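A.B. asks: Dropping a prediction and its sequence here:
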Amino acid sequence: MPKKSFRFLYIPLIVLLLFTLSCKQQPIIATKFYEHYQNKVYKDFDTTAYYAEFKHQLTLLKPDLHYVPALTIYYNNQSFEPYFVNRFLFNKQLRALIQYLKSSKEHGLNPDLFKAEKIERDLDTIEANHFKNIADVYPILARLEIETANSLLVYSSALQYGVVNPRNLYRRYDMPIKRSDTTMFQKAFQVQDLKQYLDQVQPKNEAYLALKKELASINTNVLDSAKMGRINILKINMERLRWQIPAKETRYLWVNIPAFNLQWVEDKKVIFNMKVCVGQPKPAGYDTLLLRWLKTKNIDDKPQNHETTILSSRINTIQLNPTWNIPTSIAQNEIYYSVIRNPNYLADNNIRVYYKDRLVTDPDTINWRHIQRQKMPYKFKQDASELNALGKFKFIFDNESSIYLHDTPNKKAFFSSWRAVSHGCVRVDDPLKLTEALVNDTSTVDNIRMEVGLKPINPKDTTRYKAIQARRSAPGFELKSKYISLKPDMQLFIDYYTCLPDEAGKLIYYNDVYHMDDKLLKAMGKFLSK
């Protein structure tokens, strides 16, 4: 073929190439907008100009955004594509999101937190379709995308994890909790069906739904102080139920401090209830008193905090006939004065004295009035006996506060409606019943009964019981502790709720023993619905 013919083949290819390069390639979002709204301005959509405006709006909105790092990383990786608008505007799911955000009042939360009105305003502007210039679209589209993503994260986090971190709020909150994290962000950013996702993040807890129902039934048109107080109690306990604490197993023990109550729960049913005594509340003005002590370092200025710690753990051991290693604070503030008032106090209560971990054989020779209480050099241990402050049973579980559940020889407090009387541990009303349920073995239970001086259930053990009692009555007998290892162990929660439904579904309100409601109510502040 002549060379001239090749020249004619090249010409159409060059023309086609130049034509292709000269045409603007429309982004998917622009094509969708044009097809949906039939507005020619979308044919002028310039991706570069839009991306520049998106970054500008992200900078402008930063002061009002909750998750700036997560949003920045996400949209950088997305090349600033409007994922949520692209996927959920045309199928009306953005409208559904707005309704969920506005309905957050049902959860006791302030809808203003979720910017529903801002999203709705920009969405209305886009759907009104009055644009004459594509440059007018960019800021509104960018704002709609950013506000939608931010609000979805805030709403998801609030409903799944709560709006307040209790570990930052309370001194004695050792319950491990989950907070919003990368996993939550990824789920939100990868949503395929927005309505389905919003349904999934709604709290499903039966107690939560009961409080939510009660909140919805209260007439807020006429409010007196009592009704307002009750509404706030519902809201803050719904917040507590949003905190993601460790998952409950099929069976567990649950102590609710304000209820002064312990429950054995199995397969979501309460097997039995038991009265408990919990730690005393802090003195009034505790924080002020604490600041004073930090300045003076005078032991008499140090305020005592005996409040029971909120925690979760596992009861793994029962100690029978326990000994009590008396804490330094109790030795300084109680034992010291008891010995001065009554020189026979230590002997009368089976309390041994130790100096540098060595037993003091004759503590009567100590001149207690000359001992510096603030630098108490002695340690005290109460032997196992009928007088031991821990009674006959101590239920041991790992925790950083050195507390446990235990028996007590002083049963008087269980007859009172106010049972915040301990030094921080939880006293149980019927430790034998709890032991029997934990051990769940008839022969072992009979051995335990005899160890603590009780008759066995099985008549065949009567002879052995009499022999044990004879040994206990012999001169010089010393009662020894014994440990029972639990297999399986038992999950335990010590928590704090001032309003919950009972087994019949009726809401019960409890005293705010430690004034935790007041502190949480203040912390929630702007998050609370009006």
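C.D. replies: Ah, there it is.

A.B. asks: can you pull the contacts of the nearest residue to residue 105 once chain neighbours are set aside?
C.D. replies: Computed as C-beta to C-beta, 6 or more residues apart in numbering, the closest residue to residue 105 that is not its neighbour in sequence is residue 529, at 4.3 Å. Every residue, glycine included, has its C-beta placed from N, CA and C. If a contact means C-beta atoms under 8 Å, 6 or more residues apart in numbering, then residue 529 has 104-105, 107-111, 235 as its contacts.

A.B. asks: how about the residues you listed in a markdown table, adding secondary structure, pLDDT and distance to residue 484?
C.D. replies: Shown next, in a markdown table, are the contacts of residue 529 (DSSP: H, G, I helix; E, B strand; the rest coil; pLDDT from 0 to 100; distance: C-beta to C-beta, whole Å):
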| residue | secondary structure | pLDDT | distance to residue 484 |
| --- | --- | --- | --- |
| 104 | helix | 97 | 49 |
| 105 | helix | 95 | 51 |
| 107 | helix | 97 | 45 |
| 108 | coil | 96 | 45 |
| 109 | strand | 97 | 47 |
| 110 | coil | 95 | 51 |
| 111 | helix | 94 | 54 |
| 235 | helix | 97 | 43 |
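
A.B. asks: From these, list the buried ones, please.
C.D. replies: With burial judged by 16 or more other C-beta atoms under 10 Å, the buried subset of the contacts of residue 529 is 104, 107-111, 235.

A.B. asks: What ranges does the stretch 201-350 of the chain have for its strands?
C.D. replies: For the stretch 201-350 of the chain, the strands defined by DSSP state E, counting those that start in this stretch cover 251-256, 261-266, 269-279, 311-320, 324-326.

A.B. asks: list the helices and strands the third one packs on?
C.D. replies: Of the remaining helices and strands, those touching strand 269-279 by 3 or more C-beta pairs under 8 Å, 6 or more residues apart in numbering; DSSP states H and E are strand 261-266, strand 420-422, strand 426-428, helix 431-439.

A.B. asks: Out of the ones you listed, which is the most enclosed?
C.D. replies: strand 426-428 (a mean of 23; mean count of other C-beta atoms under 10 Å).

A.B. asks: Assess the claim that residue 254 and residue 266 are in contact.
C.D. replies: No - contact criterion C-beta atoms under 8 Å: residue 254 and residue 266 do not qualify, at 11.2 Å.

A.B. asks: returning to that earlier point: for the contacts of residue 529, which one is nearest residue 180?
C.D. replies: Proximity of the contacts of residue 529 to residue 180 (C-beta to C-beta) peaks at residue 109, which lies at 15.0 Å.

A.B. asks: residue contacts, that closest one?
C.D. replies: Residues near residue 109 by C-beta under 8 Å, 6+ apart: 158, 163, 527-529.

A.B. asks: Just among these, which is most surrounded?
C.D. replies: residue 158 (23 neighbours; other C-beta atoms under 10 Å).

A.B. asks: List the contacts of the nearest residue to residue 191 once chain neighbours are set aside.
C.D. replies: Leaving aside its chain neighbours, residue 191 sits nearest to residue 197 (4.6 Å; criterion: C-beta to C-beta, 6+ apart). Taking C-beta under 8 Å, 6+ apart, we find residue 197 in contact with 187-188, 191.

A.B. asks: A helix includes residue 197, no?
C.D. replies: Yes - judged by DSSP: H, G, I helix; E, B strand; the rest coil, residue 197 forms part of a helix.

A.B. asks: between the strands of the stretch 201-350 of the chain, which one is nearest to residue 339?
C.D. replies: Residue 339 lies closest, by C-beta to C-beta, to one member of the strands of the stretch 201-350 of the chain: strand 324-326, at 12.0 Å.

A.B. asks: what sits up against that closest one?
C.D. replies: Strand 324-326 is contacted from outside by 335, 351, 379-382, 388-390, using C-beta under 8 Å, 6+ apart.

A.B. asks: Which of those residues are buried, as a PyMOL select command?
C.D. replies: Filtering the contacts of strand 324-326 down to the buried ones (16+ other C-beta under 10 Å) takes a single PyMOL command:
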select buried, resi 335+351+379+380+382+388+389+390
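
A.B. asks: Please flag which of the contacts of strand 324-326 sit within strands.
C.D. replies: 351, 379-382 (DSSP state E).

A.B. asks: Report the two of these separated the most.
C.D. replies: By the measure C-beta to C-beta, 379 and 382 form the most distant pair in those, at 11.4 Å.

A.B. asks: The nearest residue to residue 484 once chain neighbours are set aside pairs with what?
C.D. replies: Of all residues not flanking residue 484 in the chain, residue 318 sits nearest, at 4.3 Å (C-beta to C-beta, 6+ apart). For residue 318, the beta-bridge partners are residue 395, residue 484 (DSSP bridges).

A.B. asks: Kind regards, and thank you for your time.
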